[in-house]
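[1] Got a sequence here, can you build the structure:
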Amino acid sequence: MTLENKKNIFIELGTFLSQFSEAGNHQKEGVSANAVFFDSFVDLIALSQSHNGWYTPEQVYYAVNSWAKALSKENLDKWLSTYDFTTVKPKKIALILAGNIPLVGFHDFLSVLISGHDVIVKTSSNDQHLLPFLAKYLIHIAPEFESKITFSEGKLENFDAVIATGSNNTARYFEYYFKDKPSIIRKSRNSVAVLNGKETKEQLIALGEDIFRYFGLGCRNVSKLFVPKDYSFDAFFEAMFEYQDIIKYEKYANNYDYNKAVFLMSNFKLLDNGFLTIKEDSSHASPISSVFYEYYENLEDVEKKLTAEAEQIQCIVSNNLIKNSVEFGQTQQPKLWDYADNTDTISFLLIT
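    Numbering: from 1, shown residues only. Next up is the predicted model:
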């Protein structure tokens with residue numbers, strides 16, 4: 001298949017995904033293989049929460065909609081235009097995927113196939129159904145993919161390179177186990193927001209999206225705030241009130257109750273609004289239902305700290321206070337060219 005052929009296939013997948021929304025699923029005329037896959041995908045989304053309690057229909061639909069928007073001709077052309085695929089020699093690339101948020105490994109899956117390689121996928125036990133379904137759809141509309149896509153339930157074998165995502169602990173295992181293979185090994189990261197007290201209510205509400213989307217389980221979720229000395233959290237909590245319904249989800253509520261109890265038993269000083277606790281802490285990785293904060297005296301100190309701790313941080317949210325920061329509400333809408341851990345996956349695949 002040529003690069004253009006592959007792009008067109010993924011554009012078709014994007015069109016298929018564009019039919020599904022929390023507001024309603026509506027078949028569009030002319031979409032490939034709807035008769036075979038439309039109803040089955042509706043059923044799969046409905047069942048996702050039974051497979052993983054965090055995969056509520058709202059969160060799965062959000063992930064599906066995000067990929068529907070990303071897989072456009074304009075986006076694929078812009079993403080791939082700077083690479084030279086003419087010298088690629090197809091190899092077998094193993095993917096070890098995380099399962100913290102729906103379809104979290106799709107970008108790696110897409111990158112391997114669009115580069116011309118074969119993919120061997122080991123899914124997370126927390127996300128074993130969505131990606132295999134989309135792979136079946138791709139194979140149905142493009143049978144050439146059948147020989148290029150493999151899902152492995154056992155030990156990974158017969159591969160030339162690997163992309164593995166996990167915790168800091170599993171990353172050490174991956175680095176040892178795959179030391180003789182070209183690899184990208186991703187560790188735990190978190191995202192932060194830098195505030196100066198001049199944010200509008202709309203911006204703070206959008207920040208809530210960065211905090212609460214996927215219940216805060218993603219590496220792009222904001223788990224830490226940097227705020228100026230004497231910052232008042234009143235406006236922040238007022239904006240967060242928009243997300244109060246999150247406490248109605250049992251798994252989130254259980255985490256809120258547990259983590260709040262742990263903090264209180266440790267005599268930590270907390271601010272609490274009934275569904276979110278915030279705690280002063282120098283680390284970045286806050287538990288579910290909690291956000292850490294740290295005071296600063298000047299932005300230069302914040303920039304130095306963020307630069308020194310860059311390997312712990314996925315993205316930075318601010319109102320242009322920090323260079324290359326993300327706008328409020330946009331952390332869970334990365335572009336195809338926004339690579340996890342700032343590691344260019346396509347470049348890795350082209351030289352592997």
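[2] Can you give me the neighbour number for residue 168?
    11 (other C-beta atoms under 10 Å). Placement of C-beta: from N, CA and C, glycine included.
[3] what's the spacing between it and residue 352?
    Per C-beta to C-beta, to the nearest Å, residue 168 is found 24 Å from residue 352.
[4] Identify the residues contacting the nearest residue to residue 6 once chain neighbours are set aside.
    In space, residue 6 comes closest to residue 114 once its chain neighbours are excluded; the distance is 5.4 Å by C-beta to C-beta, 6 or more residues apart in numbering. Contacts here follow C-beta atoms under 8 Å, 6 or more residues apart in numbering; on that basis residue 114 touches 3, 6-7, 10, 76, 80, 346.
[5] how about 10 Å then?
    1, 3, 6-7, 9-10, 76, 79-80, 83, 85, 336, 346, 349 (C-beta atoms under 10 Å, 6 or more residues apart in numbering).
[6] pretty sure residue 341 contacts residue 184?
    Yes. Counting by C-beta atoms under 10 Å, residue 184 is a contact partner of residue 341 at 8.0 Å.
[7] what is in contact with these two at once?
    residue 165.
[8] Looking at those two, which is more packed in?
    Comparing residue 341 with residue 184 by other C-beta under 10 Å, the one with more neighbours is residue 184, at 23 against 16.
[9] which SS state does that one fall under?
    Under DSSP: H, G, I helix; E, B strand; the rest coil, the three-state class of residue 184 is strand.
[10] Residue 75 versus that one, what's the distance?
    Counting by C-beta to C-beta, the gap from residue 184 to residue 75 is 22 Å.
[11] Ok, residue 230 next?
    Distance of residue 230 to residue 75, computed by C-beta to C-beta: 43 Å.
[12] same thing with residue 239?
    30 Å.
[13] now swap in residue 41 and tell me
    22 Å.
[14] Ok, residue 276 next?
    From residue 276 to residue 75 the distance is 33 Å (C-beta to C-beta).
[15] out of these two, which sits in the more crowded spot?
    residue 276 (24 against 18).
[16] and the two most separated of the contacts of residue 114?
    Maximum pairwise distance among the contacts of residue 114 (C-beta to C-beta): 18.8 Å, between 1 and 336.
[17] More neighbours: which of the two?
    Neighbour count, other C-beta under 10 Å: between residue 1 and residue 336, residue 336 has more, with 18 against 15.
[18] What residues does that one make contact with?
    Contacts of residue 336 by C-beta under 10 Å, 6+ apart are 70-72, 75-76, 78-80, 107, 110-111, 114, 346.
[19] Look at the closest residue to residue 170 other than its chain neighbours and give its secondary structure.
    For residue 170, ignoring the flanking residues on the chain, the nearest one in space by C-beta to C-beta, 6+ apart is residue 164 at 7.9 Å. Put simply, residue 164 is strand when judged by three-state DSSP.
[20] Count residues in the vicinity of residue 164, would you?
    Neighbour tally, residue 164, other C-beta under 10 Å: 24.
[21] So which of the contacts of residue 336 sit within strands?
    Within these, no residue falls in strands by DSSP state E.
[22] quick one: the helices in the stretch 51-200 of the chain?
    Assigned by DSSP state H, counting those that start in this stretch, the stretch 51-200 of the chain shows helices spanning 57-70, 73-80, 106-114, 130-141, 168-177.
[23] now the ones you listed in TSV, with mean pLDDT?
    Output for the helices of the stretch 51-200 of the chain, formatted as TSV (pLDDT from 0 to 100):
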stretch	mean pLDDT
helix 57-70	98
helix 73-80	98
helix 106-114	98
helix 130-141	98
helix 168-177	90
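[24] Give me the helix or strand of this structure that scores worst on average pLDDT.
    Lowest on mean pLDDT, DSSP states H and E among the helices and strands of the chain sits helix 168-177, with a mean of 90.
[25] Can you show me the CA trace of that helix as PDB?
    Provided in PDB are the C-alpha atoms of helix 168-177 (Å, rounded to 0.1, in the frame of the first residue of the first chain):
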ATOM      1  CA  ASN A 168       8.100   3.900  36.500                       C
ATOM      2  CA  ASN A 169       8.400   0.400  38.000                       C
ATOM      3  CA  THR A 170       7.400  -1.500  34.800                       C
ATOM      4  CA  ALA A 171       9.600   0.800  32.800                       C
ATOM      5  CA  ARG A 172      12.700  -0.500  34.600                       C
ATOM      6  CA  TYR A 173      11.600  -4.000  33.700                       C
ATOM      7  CA  PHE A 174      11.000  -3.000  30.100                       C
ATOM      8  CA  GLU A 175      14.400  -1.400  29.900                       C
ATOM      9  CA  TYR A 176      16.100  -4.500  31.100                       C
ATOM     10  CA  TYR A 177      14.000  -7.000  29.100                       C
END
